[in-house]
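> Prediction below, plus the sequence it came from.
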Amino acid sequence: MPRIIITGASDGIGAEMARQLAHTHHEQLQLVLAARDAAKLQAVALECRAAKAQVLVVRTDVADQAQCRALIAQTVQAFGGIDCLINNAGISAHAMLADVSAEHLQWYEQLMRVNLWGSVWCTHAALPHLQASRGRIVAVSSLAGLVGVPGRTAYSASKFAMVGFFEALRAELKPSGVSVTLAYPGVVDTRIRYHGYNAQGQAAGVSGLKEDNAMPVSECAHLIIRAMHARQREVVMTTKGKLGRWIKLIAPGWVENMALAAVKQDIRPH
């Protein structure tokens, strides 16, 4: 019976993964949903329970190490172990560095606490249990963790750091049989960019990226789940993303132009 933790499970990709897993595994699934918004978590849990999954809701702010450790402890207490940890919680941001004042620069650190440290703390606490089950770790990064995107200095930094951590961890865990899957979504049809930080560290209310060809969240969640089950090393979700990482090696300027083209015209750097 798989025991799966999903952080950032109240909305977007995390909530959709929970729903898809519940409908796939039915009563065989023991699912732990973690996020800050308890009401939204309960709504997702209701849908998963309707599909006969066993669900534990744990309100968790992954920017707090103690809450990350409590999440793992409550999971083990309820279900006896962990088979998969999906590190999905994250905050977006869009601001040119020159537009961020010194007094507002602290939100860069807060974004790093959520996007990087939340994953580190949850993974560290879960590691002995994942080793015991020869389980799976999933880290949801971004194409901005492969290619730096203008206006996303903080976000790209956090996702690049996340990738470095989990790539090194994958090598460490190879003898133990624990797999590490890195997921690199592009622009997905969620509200994450609207809720992310602007230059003042407030909710932006708009997206800085072109949303015309955003991937449906159901497709993104499906690709991550499929990669998790197959213990794939990584899943890069767009053709441009797959091309960009290789072209970056031989024509980095061209890749920078691709990144610029993804940003809305009215907020590109001049």
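Yep, that arrived. Everything numeric in this text was worked out from a predicted model, so none of it was measured.
> OK, contacts around D61?
By Cβ atoms under 8 Å, 6 or more residues apart in numbering, the contact list for D61 reads 36, 67. Heads up, the C-betas are built off the backbone N, CA and C, glycines and all.
> Same question for A73.
A125.
> change it to 6 Å
Residues near A73 by Cβ atoms under 6 Å, 6 or more residues apart in numbering: none.
> check which helix or strand covers it.
Following DSSP states H and E, the helix or strand that holds A73 is helix 65-79.
> what helices or strands is the following helix or strand past that helix leaning on?
Helices and strands here follow DSSP H and E; after helix 65-79, the next one along the chain is strand 84-87. Contact partners of strand 84-87 among helices and strands, from 3 or more Cβ pairs under 6 Å, 6 or more residues apart in numbering; DSSP states H and E: strand 3-7, strand 136-140.
> by how many degrees do the last one and strand 3-7 diverge?
Spelled out, it's strand 136-140. 20 degrees (axes from the mean of the first three to the mean of the last three Cα atoms, to 10 degrees).
> partner strands of strand 136-140, parallel or antiparallel?
strand 84-87 (parallel), strand 179-184 (parallel) (DSSP bridges).
> The first one too?
Paired strands of strand 3-7, with direction, are strand 30-35 (parallel), strand 84-87 (parallel) (DSSP bridges).
> Against which helices or strands is the helix or strand that the longest one is followed by packed?
As assigned by DSSP H and E, the chain's next helix or strand after strand 30-35 is helix 38-50. Contact here means 3+ Cβ pairs under 6 Å, 6+ apart; on that basis helix 38-50 packs against helix 12-25, strand 30-35, strand 54-59.
> Would you mind finding the most buried of the ones you listed?
strand 30-35 (a mean of 27; mean count of other Cβ atoms under 10 Å).
> and stretch 82-99, average pLDDT?
Averaged over stretch 82-99, pLDDT sits at 93.
> residues of that stretch that come out buried?
82-96 (16 or more other Cβ atoms under 10 Å).
> got it, and stretch 32-47?
32-36, 41, 44-45.
> Quick one: those as CSV, columns for distance to V57 too.
As requested, the buried residues of stretch 32-47 are exported to CSV (distance: Cβ to Cβ, whole Å):
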residue, distance to V57
V32, 8
L33, 5
A34, 8
A35, 9
R36, 12
L41, 5
V44, 8
A45, 5
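> What is the nearest of the residues you listed to H23?
Nearest to H23 among the buried residues of stretch 32-47 is V44, at 12.6 Å by Cβ to Cβ.
> which residues does the closest one contact?
15, 18, 33.
> cutoff 10 Å now
Taking Cβ atoms under 10 Å, 6 or more residues apart in numbering as the criterion, V44 is in contact with 6, 9-11, 14-16, 18-19, 22, 31, 33, 35, 37, 55, 57.
> and which of the residues you listed is nearest to V187?
For the contacts of V44, the nearest to V187 is E16 (15.5 Å; Cβ to Cβ).
> how much space between V120 and Y108?
Going from V120 to Y108 by Cβ to Cβ, to the nearest Å gives 17 Å.
> next one: E167
23 Å.
> quick one: which of these two has more around it?
Y108 (20 against 14; other Cβ atoms under 10 Å).
> Got the phi and psi for that one?
phi -60, psi -40 (degrees, to the nearest 10).
> Now the residue lying closest to it once chain neighbours are set aside: which helix or strand?
Spatial nearest neighbour of Y108, chain neighbours left out: A154 (4.5 Å); criterion: Cβ to Cβ, 6 or more residues apart in numbering. Using DSSP H and E, A154 maps to helix 153-173.
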